[in-house]
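[1] Can you look at this prediction? I've put the sequence above it.
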Amino acid sequence: MIKNIECIDLEVTEIISLHKNFYKLRLTPPKWDWNVGQFVMIRPNDWGFDPFLPRPFSISQLDDEKLEIFFQVVGRGTYLLSHLKPKNKVKVWGPLGKGFKINLNLPILIIAGGMGIAPFVGFIKNHPNPEKIEVIFGHRMPLSCYPISEFPKQILIWTIEDKNEKDLEKLKRAIKVKIEGYSSDGQILACGPLPFLKMIFSECYTKRTHVQFSLERPMACGIGACLSCVIPSPHGENFKVCMDGPVFLCEDLSILFKQQPLIMP
Ligand SMILES: Cc1cc2nc3c(=O)[nH]c(=O)nc-3n(C[C@H](O)[C@H](O)[C@H](O)COP(=O)(O)OP(=O)(O)OC[C@H]3O[C@@H](n4cnc5c(N)ncnc54)[C@H](O)[C@@H]3O)c2cc1C
Ligand code: FES
């Protein structure tokens, strides 16, 4: 069932270049109740047939002043988004999917790979007790590409560049040690490319550690109609990542990750 989803016209208020190919897009804010980990589908009003389909993006921040999306240019759609100008109109569907379940009173470990930091940006900036947050951030591009410098000083952040086998081993070790530290009462939230998530999955699955994973799959509709986002489920029927996720528990992803090679692209 589709609940509380709107399709509305919003106006671009600002587009900020953080670094070549990395942008923040600010839109006039819709009045939505939303959770960290939910996303929107965006389609500029002047798009014709190429590209035709909207593109999915995590809600990085939504408050009284702005809806903020943080994105990297990877293809034609994101290239065109990066050329939007203030006052341009875009159609936005949202808030979509199921977000993370978070208890603000408990310590939180966020494990993010590259653009996987996007859903956490507003959450980290606005958390009432930032000292309760620890972040492991694996990245390949320079740190200035990501909005890390905006985070409160109290959060503990481990940034690990991931450029070669040695870096990957360092990242794996940090993830292993930190997951063990948070396995009893903490909360572990993860987002990033599939091989990155599989690395975390390998640590937590056999130990039955409670980890919530946010997945990115190609999406054409965002509302359960097109089946472009399906993944196998251990419970029989496939999951639609746009509706059943994008946030899943470790045990939901056992079949998906058995099929996924543990090689960083
Ligand atoms: C729920 C969700 C949240 C997302 N949040 C963000 C975000 O906050 N910031 C951000 O930069 N990106 C995010 N993405 C990915 C973003 O939607 C894609 O990068 C974008 O759709 C690419 O559009 P394009 O036209 O530029 O590239 P395309 O020309 O469509 O594709 C370029 C390349 O990227 C690959 N690709 C496209 N979409 C995806 C995808 N979803 N997963 C993996 N590979 C893909 C294609 O296979 C191709 O190789 C999210 C995706 C999902 C599903
Ligand atoms: S994106 Fe269309 S069914 Fe999920």
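    The structure has been received and is ready for your questions. Ligands and ions are numbered 1, 2, ... in the order given.

[2] what are the ranges of the helices in the stretch 51-200 of the chain?
    76-82, 121-126, 165-182, 194-204 (DSSP state H, counting those that start in this stretch).

[3] For the stretch 1-150 of the chain, which segments count as strands?
    Under the criterion DSSP state E, counting those that start in this stretch, strands of the stretch 1-150 of the chain are mapped to 6-19, 22-27, 39-44, 55-58, 61-62, 67-72, 89-96, 108-113, 133-139.

[4] Any chance of JSON lines for those, columns distance to residue 198, mean pLDDT and mean neighbour count?
    For the C-beta atoms, the positions are set from N, CA and C on the backbone; glycine is no exception. Listed next are the strands of the stretch 1-150 of the chain as JSON lines, based on distance: least, CB to CB, whole Å; pLDDT from 0 to 100; neighbours: other CB atoms under 10 Å:
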{"stretch": "strand 6-19", "distance to residue 198": "27", "mean pLDDT": "95", "mean neighbour count": "14"}
{"stretch": "strand 22-27", "distance to residue 198": "25", "mean pLDDT": "97", "mean neighbour count": "21"}
{"stretch": "strand 39-44", "distance to residue 198": "21", "mean pLDDT": "97", "mean neighbour count": "23"}
{"stretch": "strand 55-58", "distance to residue 198": "20", "mean pLDDT": "98", "mean neighbour count": "24"}
{"stretch": "strand 61-62", "distance to residue 198": "28", "mean pLDDT": "96", "mean neighbour count": "24"}
{"stretch": "strand 67-72", "distance to residue 198": "21", "mean pLDDT": "97", "mean neighbour count": "23"}
{"stretch": "strand 89-96", "distance to residue 198": "24", "mean pLDDT": "96", "mean neighbour count": "21"}
{"stretch": "strand 108-113", "distance to residue 198": "11", "mean pLDDT": "95", "mean neighbour count": "25"}
{"stretch": "strand 133-139", "distance to residue 198": "13", "mean pLDDT": "94", "mean neighbour count": "22"}
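
[5] one step back: highest mean neighbour count out of the helices of the stretch 51-200 of the chain?
    helix 194-204 (a mean of 22; mean count of other CB atoms under 10 Å).

[6] how about the strands of the stretch 1-150 of the chain in TSV, adding distance to ligand 2?
    Output for those, formatted as TSV (distance: least, CB to the nearest ligand atom, whole Å):
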stretch	distance to ligand 2
strand 6-19	14
strand 22-27	21
strand 39-44	8
strand 55-58	8
strand 61-62	21
strand 67-72	17
strand 89-96	9
strand 108-113	22
strand 133-139	27
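
[7] which stretch among these comes nearest residue 193?
    strand 108-113 (5.7 Å; CB to CB).

[8] The closest one pairs with which strands?
    Taking DSSP bridges as the criterion, strand 108-113 pairs within the sheet with strand 133-139 (parallel), strand 187-191 (parallel).

[9] quick one, which of the strands of the stretch 1-150 of the chain is nearest to residue 219?
    strand 55-58 (4.5 Å).

[10] For the lowest-mean-pLDDT helix or strand in the chain, buried residues please.
    Lowest mean confidence among the helices and strands of the chain (mean pLDDT, DSSP states H and E): helix 254-259, at a mean of 82. Within helix 254-259, the residues scored as buried using 16 or more other CB atoms under 10 Å are 256-257.
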